[in-house]
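Chemist: Model the structure of this input:
(2 chains, ligands or ions: 1)
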Amino acid sequence: MVVDAVILGAGMHPWGKWGRDFTEYGVRAAKDALAEAGIAWTDVQFVVGADTIRNGYPGLVAGSTFAQALGWTGARIASCYAACASGAQALDIARTRIMAGLCDVALVVGADAAPKGFFKPVGGPGDPDWLRFKLLGASNPVYFALYARRRMELYGTTQDDLAAVKVKNALAGSLNPNARYRKAVTAEEVLASPMVADPLRLMDICATSDGGAAIVLASRDYARRLGARDPVRLAAISTVTPTFPNTVLELPNFATDSAAAVPPPARPFRSAIAHAAYEEAGIGPEDVSLAEVYDLSTALELDWIEDIGLCGPGEADKLLRTGQTALGGRIPVNVSGGLASFGEAIPAQAIAQLCELTWQLRGAAGARQVEHARIGLAVNQGLFGHGSAVITTR
Amino acid sequence: MWFTVEDGLTYLVGTQCTACRTVCFPPKTGFCPNPRCDGEQLNETRLSRSGRVWSYTNSCYPPPEPFEAAEPYVPITIAAVELDREKIVVLGRVKDLTVADLSVGMELELTSEDGVWLWTR
Ligand SMILES: [Zn+2]
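Modeler: The predicted model follows:
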């Protein structure tokens, strides 16, 4: 029989620009998750750290960094880097070990301390990430803007629609004590913010933040012994890669794959990420109570809503305009406030998404609680063909 | 880098697999990216000199280093252009046009300046 992996505890260090070491954010989140789980650090058998590549060697071996900061206990560790999907891969490693019966309880931690302004290239001369800055000046917002402009021309999305996404998410974020930006905004404010990469303005684009998030995962048996009744189940994690030829221009590439010799796959990358998770969980988009999607830009939230099948291509604007994706709507999206309210703390972000799903499914989300939340979906995508989808059920 | 100029005309230089004909840009060495192809012979090939705009944008602020931004800075325009024959979308900076001049589907052709390829009308 397959062992079920369930969520015992979730914890976060509030997102912000705190200017401290990332370890501190991770350890704070870990301690809170352990407290929520009702177990001691010394009970943890396996620790997985989602790496940050911006914080030197300790960031590259995050599992070890967090384990040592919490105090060596002899627990097994793993560390992994997968760009924006780092947190989801870390969760997947822990979940797999639990499902295989190799451990009963695991701690997954991700934290980042991010520099100011545009992300600068990582790596040295000759790296694809370095070259796209050197030759083209193509920062991340440039790619987000290409998607946004194409959406506007294909589907008739307007700048007002983009502003409405920000207004919706800022309102949700104002209700979330872990969010960095906790002020509601108006469409006028969004539309008056400076243009960064046409058609995206400063308030359409997510910031970079400091933050930390942690999850305690356990086997259902372990949870039962602990007295956890009806815990949230981690029903699926998808970490699929693109299928050749990937015909969507991805960060940090100069070009797409060519579809001249091989026809494109039936499902583009982002929808394939979600599809694999639906299959694994044995559910479909119609079953989802709430979704956390990776709104690196306001326009990308609309793309994601279609990619995860909440509506057909080009229909997300209608869902938005009729309030269906807002808190209280038929299918709320980014009730945490999303990246719009958090800013991206890369290795922590996918774990933070799961924290939100966990609290929502437990009915513990306070003022931003989604009524009758039973199934949650979280998705993201980042550099170099990394992406993930996580499904939780109750 | 990754382009050539002949008789005043700029061509992007990619590679093509001799086994399955898959085209790559930037040029690749070694192994064909088609998962169902064992090809290891990737020959240099010139890509189409024109294509249709897949999407476009600009950078209103100077991009970070190593980009060498002009002073005073004028927003650079960037387009992703779909080449019909190769069925590939290639990014490039745009010469002499702003976002107001562009639309999805518009035809652009290749030129070059200061060691980099550029899309232009
Ligand atoms: Zn081939």
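
Chemist: Can you name the residues that contact residue 47?
Modeler: Because you didn't say which chain, this covers chain A. A:Gly63, A:Phe66, A:Ala67, A:Ala75, A:Arg76, A:Ile77, A:Ala78, A:Ala106, A:Leu107, A:Val108, A:Val109 (Cβ atoms under 8 Å, 6 or more residues apart in numbering or on different chains). In this view, the C-beta of every residue, glycine as well, is placed from N, C-alpha and C.

Chemist: that's the wrong chain, I meant chain B
Modeler: B:Leu47 is in contact with B:Tyr11, B:Leu12, B:Val13, B:Gly14, B:Val23, B:Phe25, B:Leu83, B:Glu86, B:Ile88, B:Val90, counting by Cβ under 8 Å, 6+ apart.

Chemist: Ramachandran coordinates for the fifth one?
Modeler: When quoted as degrees, to the nearest 10, the phi and psi of B:Val23 stand at phi -100, psi 140.

Chemist: residues near the closest residue to the ion within the stretch 51-200 of chain A, how many?
Modeler: Nearest residue of the stretch 51-200 of chain A to the ion (Cβ to the ion) works out as A:Pro128 at 20.8 Å. When neighbours are defined as other Cβ atoms under 10 Å in any protein chain shown, A:Pro128 has 15 of them.

Chemist: shouldn't it be in contact with A:Asn253?
Modeler: Yes: A:Pro128 sits in contact with A:Asn253 when judged by Cβ atoms under 8 Å, with a separation of 6.9 Å.

Chemist: hey, where'd the helices end up in the stretch 151-300 of chain A?
Modeler: If you assign secondary structure with DSSP state H, counting those that start in this stretch, the helices in the stretch 151-300 of chain A sit at A:159-173, A:187-192, A:220-226, A:269-281, A:298-307.

Chemist: Off-centre distance for the longest one?
Modeler: Taking Cα atoms, centre = their mean, to the nearest Å, the mean C-alpha location of helix A:159-173 is offset from the chain mean by 18 Å.

Chemist: Does chain B have contacts with it?
Modeler: No: between helix A:159-173 and chain B, judged by Cβ under 8 Å from any Cβ of the partner chain, nothing touches; the nearest distance is 13.0 Å.

Chemist: Quick one: list the elements packing against that helix.
Modeler: Helix A:159-173 is packed against helix A:187-192, helix A:298-307, helix A:316-321, helix A:338-342, with contacts defined by 3 or more Cβ pairs under 8 Å, 6 or more residues apart in numbering or on different chains; DSSP states H and E.

Chemist: is it true that A:Arg233 touches A:Val3?
Modeler: No: taking Cβ under 8 Å as the contact criterion, A:Arg233 and A:Val3 are not neighbours in contact, 11.3 Å apart.

Chemist: Next, show the common contact partners of these two.
Modeler: With Cβ under 8 Å, 6+ apart applied, the overlap between the contact sets of A:Arg233 and A:Val3 consists of A:Arg220.

Chemist: what does the helix-or-strand element of chain A with minimal mean pLDDT rub up against?
Modeler: Every helix and strand in chain A was compared by mean pLDDT, DSSP states H and E; the lowest is helix A:128-131, with a mean of 85. If you take Cβ under 8 Å, 6+ apart as the criterion, helix A:128-131 is touched by A:Pro121, A:Val122, A:Gly123, A:Gly124, A:Pro252, A:Asn253, A:Phe254, A:Leu383, B:Pro66.

Chemist: check contacts around the residue in the stretch 251-394 of chain A positioned nearest to the ion.
Modeler: Of the stretch 251-394 of chain A, the residue with the smallest distance to the ion, taken as Cβ to the ion, is A:Ala261 at 7.0 Å. Under the criterion of Cβ under 8 Å, 6+ apart, the contact list for A:Ala261 reads B:Cys17, B:Cys20, B:Arg21, B:Thr22, B:Val23, B:Asn34.

Chemist: Please list all residues in contact with A:Leu60.
Modeler: Remark: with contacts taken as Cβ under 8 Å, 6+ apart, A:Leu60 is in contact with A:Asp51, A:Thr52, A:Ile53, A:Ser79, A:Tyr81.

Chemist: since we're on A:Val61, how many residues are nearby?
Modeler: 16.

Chemist: most surrounded residue in the contacts of helix A:128-131?
Modeler: The most neighbours of any of these, using other Cβ under 10 Å, belong to A:Asn253, which has 23 neighbours.

Chemist: which ones are touching it?
Modeler: Applying Cβ under 8 Å, 6+ apart, the residues contacting A:Asn253 are A:Pro128, A:Arg132, B:Leu91.

Chemist: Mind checking what helix or strand follows the helix or strand harbouring the last one in sequence?
Modeler: Assigned by DSSP states H and E, B:Leu91 belongs to strand B:88-94. Heading C-terminal from strand B:88-94, the first helix or strand you meet, by DSSP H and E, is strand B:107-113.

Chemist: Any chance you could list what contacts the next helix or strand after that following strand?
Modeler: Downstream of strand B:107-113, the first helix or strand assigned by DSSP H and E is strand B:116-120. Contact with strand B:116-120 is made by A:135-136, B:1-3, B:10, B:12, B:79, B:81, B:92-97, B:108-112, as judged by Cβ under 8 Å, 6+ apart.

Chemist: average pLDDT for stretch A:149-161?
Modeler: Confidence for stretch A:149-161, expressed as mean pLDDT, is 98.

Chemist: List the buried residues for it?
Modeler: Neighbour-count burial for stretch A:149-161, counted by 16 or more other Cβ atoms under 10 Å in any protein chain shown, picks out A:Arg149, A:Arg150, A:Arg151, A:Met152, A:Tyr155, A:Thr157, A:Gln159, A:Asp161.

Chemist: neighbouring contacts of it?
Modeler: Taking Cβ under 8 Å, 6+ apart as the criterion, the residues outside stretch A:149-161 that touch it are A:148, A:187, A:191, A:198-199, A:299, A:302-303, A:313-314, A:317, A:320-321, B:54-57, B:99, B:103-104.
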